[in-house]
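# Next come a sequence and a model predicted from it.
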Amino acid sequence: MADLYNYVKALHLIFVVTWFAGLFYMPRLFIYHIEAQDKPSPEREILSAQLKVMSRRLWNIITWPSLFLATGTAIWLLILMPSWLSQPWMHLKITFVVLLIAYHLKTHLIFRELQQDRIRYTSGFMRIWNEGATILLFAIVFLAILKNTFNWIYGVVGLVGLALLLMLGIRAYKRYRERKGE
């Protein structure tokens, strides 16, 4: 039983990594797609077409399957260790995973809009959106590793601090790009 658990856990971690790879890279492709609209023709059309193909392949071949495989192996782990469902850290972790799935679904809606050349967001918004998965990753990993030793106050302060650092980084990068004329 312990061997099966470790194999399932290893698979779960692999699928979580590939899922996050897609969630991290997809908004970057969105940024490039949005910024390509400011390019002159035919560069704009060439870039848009290429970015659509790249996005479609990443989303449909890696990100969506990884979501299902990560979720399936997570359920399998809970079947192997049902006592986790009675622990408060797992309730909070599941809450963060539900938020991550909501983030994934909203990213899917943005993906569909961009595939149809409907651009409703700025590249600046997408840079901020890109950090949502990062914040959720930190929360989920810390809960999974620290479990019931997790100090809620430090955890919340840490997540808020991380969000602030990410926002400051985005602002600094925006100023840097503006100075360079990009």
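Here it is on my side, so go on. This is a predicted model, so every value here is computed, not measured.
# show me what contacts residue 63?
By CB atoms under 8 Å, 6 or more residues apart in numbering, the contact set of residue 63 is 18, 19, 21, 22, 23, 26, 104. All C-beta atoms are positioned from the backbone trio N, CA, C, and that covers glycine.
# rerun at 7 Å
Counting by CB atoms under 7 Å, 6 or more residues apart in numbering, residue 63 touches 19, 22, 23, 26.
# The third one reaches residue 133, doesn't it?
Yes: counting by CB atoms under 7 Å, residue 23 touches residue 133, with 4.2 Å between them.
# and for those two, which residues touch both?
Common neighbours of residue 23 and residue 133 (CB under 7 Å, 6+ apart) do not exist.
# between these two, who's got more neighbours?
More crowded of residue 23 and residue 133, by other CB atoms under 10 Å: residue 23, with 23 against 20.
# name the helices or strands packed onto whichever strand or helix holds that one?
Per DSSP states H and E, residue 23 falls inside helix 2-36. With contacts defined as 3 or more CB pairs under 7 Å, 6 or more residues apart in numbering; DSSP states H and E, the packing partners of helix 2-36 are helix 43-57, helix 64-80, helix 88-115, helix 123-146.
# tell me the angle of it relative to helix 123-146?
170 degrees (axes from the mean of the first three to the mean of the last three CA atoms, to 10 degrees).
# chain center to helix 2-36: distance?
8 Å (CA atoms, centre = their mean, to the nearest Å).
# Likewise for stretch 81-91?
24 Å.
# List the buried residues for that stretch?
89, 90 (16 or more other CB atoms under 10 Å).
# What of stretch 89-108?
89, 90, 92, 93, 94, 96, 97, 100, 103, 104, 107.
# quick one: contacts for the closest residue to residue 66 other than its chain neighbours?
In this structure, residue 66 finds its nearest non-sequential neighbour in residue 19, 3.7 Å apart by CB to CB, 6 or more residues apart in numbering. Contact analysis of residue 19 by CB under 7 Å, 6+ apart lists 63, 66, 67, 70.
# Which residues does stretch 132-141 contact?
Identification of contacts with stretch 132-141 by CB under 7 Å, 6+ apart yields 20, 23-24, 93, 96-97, 99-100, 103, 159, 162-163, 166.
# farthest-separated two in these?
93 and 166 (21.2 Å; CB to CB).
# pLDDT wise, what is residue 89 at?
On pLDDT, residue 89 comes in at 85.
# now residue 155
Looking at residue 155, the pLDDT reads 70.
# thought it was touching residue 142?
Yes: in this structure, residue 155 is within contact of residue 142 by CB under 7 Å, at 6.4 Å.
# Now the common contact residues for those two.
In contact with both residue 155 and residue 142: no residue, using CB under 7 Å, 6+ apart.
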